[in-house]
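**Q** Have a look at this prediction, sequence included:
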Amino acid sequence: MNLPYRDYAAFLSEHFSGKMQKISIDAGLSCPNRDGTFSTGGCSYCNNATFSPDYCRTDNLVEAQLEKGVSFFSRKYAEMRYLAYFQSYTGTHGNMGMISGMYRAALGYPGVEGLIIGTRPDCVPDSVLNVLKEIRQDTGKFIMLEFGAESSHNETLSSVNRCHTWEQVVDAVQRTRRYGFPAGLHLINGLPGETPEMMLATVDAVNNLDIDTVKFHQLQLIRGTRLARQWQDGLVGLHQFSLDEYVEHCVKIVGRLRQGIAIDRFTSQSPDGLLISPRWGVKNYQFVNLLNNRLVSAGITQGCLLPVK
């Protein structure tokens, strides 16, 4: 199917032949806004249980997590190849000697062709990038960094206790690209105090960066998080999208995002028992179908709403 935007599969096809699957790894790390390095408590909206598969347990070694992930996915596609995705918390925060050992262990696992490292823009000094460069040189395998940026608005980042700025995102992406690593961003639509216009302004800011991929998803209110308590107590205001509103918002995102950036996803889906809102009642693939149909009917393709230069 010809999509009206560049998707993640198109990005992967430039680096790999055949079908690739990410396998999430929990390396047992923390974040600098959790462990007291910068702050405590973490991001106000965060609960890692919402996106970590059951096999991601920190009492399992990296190889054991990969074994379970490969076992699960290979049942459907025996020829599948894999990317080890260090997703939970901050994948470059801690003792880099220990962390690099986990990266090398993952790259040595049969069928693993590369790493995707989820991290923060304030946790990738040149010393970390040099370690990753050495691993790439030694193994010859693919390494990509994916930065949690969330918003281009510093007041928003401060309000949710991110403890970094948009300027640090820009710096991290620029240095990562100088080292020759692919770079991606993660963004959240609906953070406290943000209007849809502010969210689209973040898309405009992203267009100025040399990135390969971007992930969007709707803010999800999760039980037990500080943001959920703040919202229930009336301390924060949120723009909560209905399903139809969010489809239309993503139509605008596609039209505003410059061509060449691959869109990894538009939504995320938390476990039903943890999710407060929004409860749209659709799976991620169903949302994508709704969006694609709306894009086609509206005649919107990636970047078509950008000013002509």
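**A** Sure, I can see it. Residues are numbered from 1 along each chain as shown.
**Q** For the residue nearest the centre of the chain, list each beta-bridge partner.
**A** Averaging the C-alpha coordinates of the chain gives a centre point, and the residue nearest to it by CA atoms, centre = their mean is residue 186 (3.9 Å). Bridge pairing for residue 186 (DSSP bridges) gives the partners residue 148, residue 215.
**Q** how near is it to residue 197?
**A** Distance check for residue 186 against residue 197: by CB to CB, to the nearest Å, it reads 21 Å. (C-beta placed from N, C-alpha, C; glycine too.)
**Q** try residue 81
**A** Note on residue 81: its distance to residue 197, by CB to CB, is 41 Å.
**Q** With residue 283 instead?
**A** Plainly put, residue 283 is 29 Å away from residue 197 if you go by CB to CB.
**Q** Which residue, other than its chain neighbours, is closest to residue 239?
**A** Taking CB to CB, 6 or more residues apart in numbering as the measure, residue 239 lies nearest to residue 190, with 5.6 Å between them; neighbours along the chain are not counted.
**Q** Pretty sure that neighbour sits against residue 236.
**A** No - proximity of residue 190 to residue 236 does not meet the contact threshold set by CB atoms under 8 Å, at 11.4 Å.
**Q** Show me which of the two is the more surrounded one.
**A** Between residue 190 and residue 236, residue 190 has the larger neighbour count (other CB atoms under 10 Å), namely 21 against 18.
**Q** who's in contact with that one?
**A** 199, 218, 219, 238, 239, 240, 241 (CB atoms under 8 Å, 6 or more residues apart in numbering).
**Q** next helix or strand past the worst-scoring helix or strand of the chain on mean pLDDT?
**A** The least trusted helix or strand in the chain, going by mean pLDDT, DSSP states H and E, turns out to be helix 62-74, with a mean of 91. As assigned by DSSP states H and E, the chain's next helix or strand after helix 62-74 is strand 81-86.
**Q** Counting by contacts, list what that following strand packs against.
**A** Contact partners of strand 81-86 among helices and strands, from 3 or more CB pairs under 8 Å, 6 or more residues apart in numbering; DSSP states H and E: strand 20-25, helix 62-74, helix 96-107, strand 112-119.
**Q** which residues in the stretch 151-300 of the chain form helices?
**A** Chain-ordered helices for the stretch 151-300 of the chain, with DSSP state H, counting those that start in this stretch as the definition, fall at 154-159, 166-178, 196-206, 226-232, 243-256, 284-298.
**Q** quick check: angle from the second one to strand 112-119?
**A** Right, the one you point to is helix 166-178. Inter-element angle recorded for helix 166-178 and strand 112-119: 160 degrees (by axes from the mean of the first three to the mean of the last three CA atoms, to 10 degrees).
**Q** do the fifth one as well
**A** Taking the same axes, to 10 degrees, one finds helix 243-256 and strand 112-119 inclined to each other by 110 degrees.
**Q** Ok, the last one next?
**A** With the same axes, to 10 degrees as the criterion, the two stretches helix 284-298 and strand 112-119 enclose an angle of 80 degrees.
**Q** thinking residue 146 is in contact with residue 185, fair?
**A** Yes - using CB under 8 Å, residue 146 is in contact with residue 185, at 7.4 Å.
**Q** Poorly predicted segments of the stretch 1-150 of the chain, please.
**A** Of all residues in the stretch 1-150 of the chain, those with pLDDT under 70 make up the ranges 1, 48-60.
**Q** what's the neighbour count on the nearest residue to residue 256 once chain neighbours are set aside?
**A** Taking CB to CB, 6+ apart, and ignoring the residues beside it in sequence, residue 256 has residue 203 as its nearest neighbour in space, at 4.7 Å. The tally of other residues near residue 203 (other CB under 10 Å) stands at 22.
**Q** hmm, back to that, from residue 214, how far out is the residue nearest to the centre of the chain?
**A** Going from residue 186 to residue 214 by CB to CB gives 8 Å.
**Q** if we can go back for a sec, could you measure from the residue nearest to residue 239 over to residue 220?
**A** Using CB to CB, one gets 9 Å for the distance from residue 190 to residue 220.
**Q** cool, and residue 304?
**A** With the distance defined as CB to CB, residue 304 ends up 29 Å from residue 220.
**Q** Could you pull up the residues touching residue 164?
**A** Residue 164 makes contact with 120, 121, 122, 157, according to CB under 8 Å, 6+ apart.
**Q** which one of these is nearest residue 24?
**A** residue 120 (17.4 Å; CB to CB).
**Q** ok, that closest one - contacts?
**A** When the contact criterion is CB under 8 Å, 6+ apart, the partners of residue 120 are 31, 32, 90, 92, 93, 147, 148, 164.
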